[in-house]
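Undergrad: One predicted model, sequence on top.
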Amino acid sequence: MINYTSNALSYNCDRGASCDLNSAEALTTEELIHRFRPNLVISTVRPYEEDDWAEMIIDGVSYLFQIVGLCSRCQMICINQGNGKRSKEPLQTLSSCRDRKMTFGAYLFHQLPATSVRSAFLTVGSQVIVKIKETPAGQ
């Protein structure tokens, strides 16, 4: 049996939101990746788009990921991975620009399509198609 420390096997972080947080302490995208430690980094048009996603398909039908929840953040993202120094950022900025919501990124669950018989590789620049969550009637 394999135990994972996360709620899901993969974690997605969107680059649009990373840019939104860059203003906090002039963190580069690379520094934010080291702090948030995502498995996948997706470029988006607007920050926090993953809040509205239900599924994500990468490169056609090779990779289907179900969005199983948003990732709640803790103070660990405030520790510089290079020198171990702690600061209030980027958690303080995340809290203020997310209206006190402490989420950043989404947990993903990989579903191999039944019709898939070949191996596939994710590469930089792979096309990502998302399915938006359906809004219940009356909301």
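TA: Yes, it's here. Numbers count the residues shown, from 1 in each chain.

Undergrad: Contacts for the helix or strand harbouring residue 129 next, please.
TA: Element membership for residue 129 (DSSP states H and E) is strand 128-132. For strand 128-132, contacts defined as Cβ atoms under 8 Å, 6 or more residues apart in numbering pick out 42, 49, 52-58. Where you see a C-beta, it was placed from the backbone N, CA and C, and this is true even at glycine.

Undergrad: What is the neighbour count of the residue lying closest to residue 60 once chain neighbours are set aside?
TA: Distances taken as Cβ to Cβ, 6 or more residues apart in numbering put residue 127 closest to residue 60, at 7.7 Å, once the chain neighbours are dropped. Residue 127 is flanked by 8 other residues according to other Cβ atoms under 10 Å.

Undergrad: In contact with residue 127: list those residues for me.
TA: Residue 127 makes contacts with 58-60, as judged by Cβ under 8 Å, 6+ apart.

Undergrad: picking up where we left off before, list the buried residues for the strand holding residue 129?
TA: residue 130 (16 or more other Cβ atoms under 10 Å).

Undergrad: Follow the chain on from the helix or strand of the chain with the lowest mean pLDDT and name the next helix or strand.
TA: Here the helix or strand of the chain ranked lowest by mean pLDDT, DSSP states H and E is helix 15-25, holding a mean of 57. The first helix or strand that comes after helix 15-25 along the chain, using DSSP H and E, is helix 29-36.

Undergrad: Dump that following helix to CSV, restricted to CA.
TA: These are the backbone C-alpha positions of helix 29-36, laid out as CSV (Å, rounded to 0.1, in the frame of the first residue of the first chain):
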residue,chain,number,x,y,z
THR,A,29,7.9,32.4,-11.0
GLU,A,30,10.7,29.9,-10.3
GLU,A,31,10.8,31.0,-6.6
LEU,A,32,7.0,30.5,-6.4
ILE,A,33,7.3,27.0,-7.9
HIS,A,34,9.9,26.2,-5.2
ARG,A,35,7.6,27.4,-2.5
PHE,A,36,4.3,25.8,-3.7
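
Undergrad: just checking, next helix/strand downstream of it?
TA: Following helix 29-36 in sequence order, the next helix or strand is strand 40-42 (DSSP H and E).
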